[in-house]
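Chemist: okay, here's the prediction I keep looking at, along with the sequence it came from:
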Amino acid sequence: MVGVLQCVVLDCPEPPVLAAFYQGLLGGEVDRPDRRWKLDDDWSTLHTESLVLGFQRAVDYVAPEWPDPRKPQQFHLDIGVEDLGVAKAEVLRLGGTLLDDSHDVWWVFADPAGHPFCLVWE
């Protein structure tokens, strides 16, 4: 095992609006302070009893049109890890690809099918 699922993140044009929408559907607390991320107009969260949803602003966002594969569904996983270097080695061993390791506390990878996900230092 590499880590634990931290957050499911959805790209969108207006993070606070989408967070409020999901709060109406699921309950929970919008934008609860959390050391793992900065809250601003480009990033909102919804802490529910069972999980955290993140909402990330995407410039030039194009909504998916299910089930049209030309406009696929858009999200990524944030996975908390104790050691980014050790986790990186395991992800690469499993067939993942490093996309960006320029940040201090999170790195972006792609799974073997190309879906992005982040390893986040806990």
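Modeler: Structure's in. What do you need?
Chemist: buried sites along stretch 29-44?
Modeler: By neighbour count on 16 or more other Cβ atoms under 10 Å, the buried set for stretch 29-44 is Val30, Asp31, Arg36, Trp37, Leu39, Trp43, Ser44. Using the backbone N, CA and C atoms, a C-beta is placed for each residue, glycine as well.
Chemist: of those, which belong to strands?
Modeler: Using DSSP state E, Val30, Trp43, Ser44 are the members of those that sit in strands.
Chemist: could those go into CSV alongside distance to Pro69 and pLDDT?
Modeler: Shown next, in CSV, are these (distance: Cβ to Cβ, whole Å; pLDDT from 0 to 100):
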residue, distance to Pro69, pLDDT
Val30, 32, 98
Trp43, 28, 96
Ser44, 28, 97
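Chemist: which one among the residues you listed gets closest to Ala58?
Modeler: Closest to Ala58 out of those is Trp43 (11.2 Å), distances taken as Cβ to Cβ.
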